[in-house]
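Colleague: Structure here, sequence nowhere to be found:
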Ligand SMILES: Cc1cc2nc3c(=O)[nH]c(=O)nc-3n(C[C@H](O)[C@H](O)[C@H](O)COP(=O)(O)OP(=O)(O)OC[C@H]3O[C@@H](n4cnc5c(N)ncnc54)[C@H](O)[C@@H]3O)c2cc1C
Ligand code: FES
């Protein structure tokens, strides 16, 4: 058999110059690469440069949750579109994504959380998302194993889903390569420089000693974006935060929705392979250390806290066993909104970061709208709202999405 | 029974699935693990990872002096959520039961 | 059902119930041994090809002996002591309801199964495939009892923690105690504790950032016990294990690992049948075959192992057929270095596994944790025969560093 390198490789040949170089081969970078190739009908020269292997970043370490239950109208609408794309994405990309619409079930135990869920349900109703406000007893009908003592109210949206995240990354990569994009793995961009000679492009210097020029650069390095931006003297307020997660031994299907307990930030779902995949909010100590250092270790503190929360919410978990714990970087933006669009002072450098704990679910729709903007010049309201320049705007309020978990 | 040579029995990964991953251009232990599922089942690689590495080394696909295993993460042995929930938020500095 | 592949020495006083069948067992045996002695070799079906699978490593490492024991799913039969009236149920297979149609997968996907690209299109078929896959995946079903079994917690801060009470670990802990240091020695295989500080618990996590070593003993019907330990020295003496040998049919029930079988035989509950075959390179295969009074074959001479629900015979490359009811795989053992790696120990490939790299002399290992890390015995590549001596040498170096008197 011949080696196809269908998802790119460490020795993919680089052109001297590309129309767009995307730094970072996570789900954001690759969904954008695919959409750029699709919408330009293969006319654009697009190169993706990934430091390690595909799925090595947050896109390969997340919980695979996909929901339209947000507090902010724009996020609800974006995610309705993203879920619509996800429904047919396996067929579009030609790879199993194991997209399963078991819904998301949110539990509120405090008056504040109760009010939040009530506001959400009203908003969702208004924009046509099928979210239902439920009594604790009705929540137990959906997941009979729950202990709903102290639960005041719940919301359930049957269209919310879980997926197998790695397949998205591989599928986008393969489809981008098939349409002519170059995906270079195991190579990092060490430094970006504005191109000399008055052009607005860039020269990128790689760990292999090579360099490549580009008219447009997209910084899709997620939690690693701070370091790359600093090489151009750009300071944005996003910073990495280690988010830990774990999976249990595989069990026969018993849990349809992803359950979130807003009181402690516990979330858990069951994957197609049968594992319970779960995370919980943790203190953010150490986050203000050097934002270019990313800790991907595991802690007992997390395992204990998660287990106490899980055994309380779903007591039958007590004699179930843990299979593996791991961690990945959230790329935290201070207002919970992504940092997306042209960089102040560098119009041809596009930021695509700050997606905190929900970049995976947004990648299908965000890749599409960024590519539409670049290829067809189409605007979208989030492009101004999420603009990297917003933090310097005098009218900036710092208010953003409030339904962030973890 | 069909003829199969298993590398990872938990996830039913045979030499055929490994070849397929190699043909697609995946070449490192971490990549092959993720693409085939090898080492992601109940044994967490205890039975299969070294067999995979041996295979890669014998074919010249990995350098015996440089190759590294995939990340070791807890738990290495069975532990229940119930047992873990019995650990206090900050374990005491001195010995003793609680 | 096959005949027993472990033969009893006497009449066992107890019985356990396995899928409705009454199976004799005796104090001191584990569930896997009792099943193998009764000819019940297959305890489950495999994930994709739905082949028969059963106990293989007999030492808690391979995960294919998982069964439902006393109402709890996914219990390692080979680590679980038997008791009279124990209820054991196989998982992930149909029992006593005629042929299992899912078994056709092995024939249907004779060439292999690419689950990423299986039945992706059309969408309607994909939806059905996902539901079928979800139900075939997963192992056990939820526990019978909701309230779990209760758990006790204990924290200790001894001078030394030794992980493993094999030859190296036992020698090390004896020597350390003789010199007056407090040493907790942990072992996951139940039984064999001789000292108050010998804990029967498996170390599941080493957390250098938190300075913690965590261990647990979880057995159906007993109270869970969990330990956190904060020693000044950590000695990893976790030994080695047998990697899989690449031979056609190496998953057939009745194929077991040499290490697990030799350890089981040393407990003297059973003897072996006459038709045992050991497959492995001359070292250690020939030696192990002699010890078990079995026939030795070299892997390169074996075409395949044949049998569907149990081993029937071994076919050699020259066409010879050798009848066998028990096939023992005896590869060169690979160091069991997972825990050392969790502690941050550097490892190097030694042709069979990853051995811990020690600083000479004395066996110290660099580690980011707040302890001094040591490795002793096979985990550091020391041959079995020299492990006990090595444990002693490491203990002496450790005590010397502590200034402990003998
Ligand atoms: C534990 C966890 C759980 C999560 N759960 C969910 C969830 O349920 N749902 C959801 O929607 N989101 C979730 N998220 C968030 C989601 O995973 C991320 O928002 C998303 O994957 C971000 O994608 P990305 O492509 O921007 O980043 P990444 O996937 O991190 O990709 C960035 C890539 O850039 C590469 N890179 C970095 N620096 C360089 C360089 N200098 N040169 C070249 N390449 C470089 C990195 O190697 C990396 O592969 C979770 C995150 C974590 C950590
Ligand atoms: S884990 Fe029990 S036989 Fe391998």
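Modeller: Here it is on my side, so go on. What you see is a predicted model; the values in this text were computed from it and never measured. Ligands and ions are numbered 1, 2, ... in the order given.
Colleague: low-scoring stretches of chain C, by residue?
Modeller: Counting by pLDDT under 70, chain C contains low-confidence ranges at C:1-2, C:97, C:405-406.
Colleague: Look through it and tell me its longest helix.
Modeller: helix C:387-402 (DSSP state H).
Colleague: So what's the gap between it and the chain middle?
Modeller: Relative to the chain's own centre, helix C:387-402 is displaced by 27 Å; criterion: C-alpha atoms, centre = their mean, to the nearest Å.
Colleague: Can you spell out which helices and strands pack onto it?
Modeller: helix C:167-178, strand C:233-236, strand C:372-375 (3 or more C-beta pairs under 8 Å, 6 or more residues apart in numbering or on different chains; DSSP states H and E). Glycine gets a C-beta too; all of them are placed from N, C-alpha and C.
Colleague: got the angle for that helix vs helix C:167-178?
Modeller: 40 degrees (axes from the mean of the first three to the mean of the last three C-alpha atoms, to 10 degrees).
Colleague: any chance of the helices and strands packed on helix C:387-402 in a markdown table, plus mean neighbour count?
Modeller: Below are those laid out as a markdown table (neighbours: other C-beta atoms under 10 Å in any protein chain shown):
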| stretch | mean neighbour count |
| --- | --- |
| helix C:167-178 | 24 |
| strand C:233-236 | 29 |
| strand C:372-375 | 26 |
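Colleague: So which of the ones you listed is nearest chain A?
Modeller: strand C:233-236 (15.0 Å; C-beta to the nearest C-beta).
Colleague: by contact count, what packs against the closest one?
Modeller: Checked by 3+ C-beta pairs under 8 Å, 6+ apart, strand C:233-236 has strand C:160-163, helix C:167-178, strand C:372-375, helix C:387-402 packed alongside it.
Colleague: Show me the domain layout of chain C.
Modeller: C:7-97+C:113-137, C:152-240+C:334-402 (automatic domain parsing).
Colleague: Go through these and pick out the most buried.
Modeller: Counting by mean count of other C-beta atoms under 10 Å in any protein chain shown, domain C:152-240+C:334-402 has the highest mean neighbour count of the domains of chain C, with a mean of 22.
Colleague: That domain and ligand 2, are they touching?
Modeller: No: Domain C:152-240+C:334-402 lies out of reach of ligand 2 by C-beta under 6 Å from any ligand atom, never closer than 11.1 Å.
Colleague: how about CSV for the domains of chain C, with distance to residue A:279 added?
Modeller: CSV is the format used below for those (distance: least, C-beta to C-beta, whole Å):
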stretch, distance to residue A:279
domain C:7-97+C:113-137, 21
domain C:152-240+C:334-402, 17
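Colleague: interface residues of chain C facing chain A?
Modeller: Within chain C, the residues that sit near chain A (C-beta under 8 Å from any C-beta of the partner chain) are C:72-74, C:115-118, C:120-123, C:126, C:130, C:133-135, C:137-143, C:145-149, C:205, C:207-210, C:212, C:214, C:218, C:220, C:228.
Colleague: From those, which land in helices?
Modeller: Filtering the residues of chain C next to chain A for helices - DSSP H - leaves C:123, C:126, C:130, C:133, C:134, C:135.
Colleague: Any figure for the gap between the second one and residue A:86?
Modeller: To residue A:86, residue C:126 is 13 Å away according to C-beta to C-beta, to the nearest Å.
Colleague: Equivalent analysis for the third one, please.
Modeller: The spacing between residue C:130 and residue A:86, counted by C-beta to C-beta, is 13 Å.
Colleague: now the helices: where do they sit in chain B?
Modeller: Under DSSP H, chain B gives helices at B:15-23, B:29-36, B:49-58, B:81-85.
Colleague: could I get the ones you listed as CSV with mean pLDDT and distance to ligand 2?
Modeller: Converted to CSV, the helices of chain B look like this (pLDDT from 0 to 100; distance: least, C-beta to the nearest ligand atom, whole Å):
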stretch, mean pLDDT, distance to ligand 2
helix B:15-23, 96, 21
helix B:29-36, 97, 20
helix B:49-58, 97, 15
helix B:81-85, 97, 19
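Colleague: Quick check: which of these is buried the most?
Modeller: The most buried stretch of those, if neighbours are counted by mean count of other C-beta under 10 Å, is helix B:81-85, with a mean of 28.
Colleague: Show me what that one is packed against.
Modeller: Using 3+ C-beta pairs under 8 Å, 6+ apart as the test, helix B:81-85 ends up in contact with helix A:300-313, strand C:151-156, strand C:224-229.
Colleague: coming back round to it: Serialize the ones in helices among the residues of chain C next to chain A to CSV and add fields for distance to residue A:242.
Modeller: Shown next, in CSV, are those (distance: C-beta to C-beta, whole Å):
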residue, distance to residue A:242
C:123, 38
C:126, 35
C:130, 32
C:133, 32
C:134, 31
C:135, 35
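Colleague: which residues sit in contact with the residue in the stretch 301-406 of chain A positioned nearest to ligand 1?
Modeller: Across the stretch 301-406 of chain A, no residue is closer to ligand 1 than residue A:359, which sits at 2.2 Å (C-beta to the nearest ligand atom). Applying C-beta atoms under 8 Å, 6 or more residues apart in numbering or on different chains, we find residue A:359 in contact with A:26, A:27, A:28, A:58, A:59, A:222, A:331, A:338, A:366.
Colleague: near ligand 1 too, which of these?
Modeller: Counting by C-beta under 6 Å from any ligand atom, the members of the contacts of residue A:359 near ligand 1 are A:26, A:27, A:28, A:58, A:59, A:222.
Colleague: The second one - how many residues pack around it?
Modeller: The number of residues packed around residue A:27, counting by other C-beta atoms under 10 Å in any protein chain shown, is 33.
Colleague: picking up where we left off before, can you add pLDDT and give the ones next to ligand 1 among the contacts of residue A:359 back as CSV?
Modeller: Shown next, in CSV, are these (pLDDT from 0 to 100):
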residue, pLDDT
A:26, 98
A:27, 98
A:28, 98
A:58, 98
A:59, 98
A:222, 98
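Colleague: Return the subset of these lying in helices.
Modeller: Mapping these onto helices (DSSP H) picks out A:27, A:28.
Colleague: now the ones next to ligand 1 among the contacts of residue A:359 as TSV including distance to residue A:147?
Modeller: Shown next, in TSV, are those (distance: C-beta to C-beta, whole Å):
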residue	distance to residue A:147
A:26	37
A:27	35
A:28	38
A:58	32
A:59	34
A:222	36
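Colleague: which among the contacts of residue A:359 gets closest to residue C:347?
Modeller: Closest approach between the contacts of residue A:359 and residue C:347, by C-beta to C-beta: residue A:58, at 26.9 Å.
Colleague: you'd agree the closest one is up against residue A:224?
Modeller: No: using C-beta atoms under 8 Å, residue A:58 is not in contact with residue A:224, being 9.6 Å away.
Colleague: Which residues lie in contact with the residue of the stretch 201-350 of chain C found nearest chain A in this structure?
Modeller: At 4.9 Å from chain A, residue C:207 is the closest residue in the stretch 201-350 of chain C, using C-beta to the nearest C-beta. By C-beta under 8 Å, 6+ apart, the residues touching residue C:207 are A:297, A:298, A:299, A:300, B:74, C:213, C:214, C:342.
Colleague: Could I get the phi/psi values of the second one?
Modeller: As for residue A:298, its main-chain torsions (degrees, to the nearest 10) stand at phi -120, psi 150.
Colleague: how close does the closest residue to it other than its chain neighbours sit to residue A:196?
Modeller: Spatial nearest neighbour of residue A:298, chain neighbours left out: residue A:325 (4.8 Å); criterion: C-beta to C-beta, 6 or more residues apart in numbering or on different chains. Separation of residue A:325 from residue A:196 (C-beta to C-beta): 48 Å.
Colleague: unless I'm mixing things up, residue C:351 is touching residue C:333, no?
Modeller: No: Residue C:351 lies out of contact with residue C:333 (C-beta under 8 Å); the separation is 11.0 Å.
Colleague: Tell me which residue of chain C is furthest from the middle?
Modeller: residue C:122 (42.3 Å; C-alpha atoms, centre = their mean).
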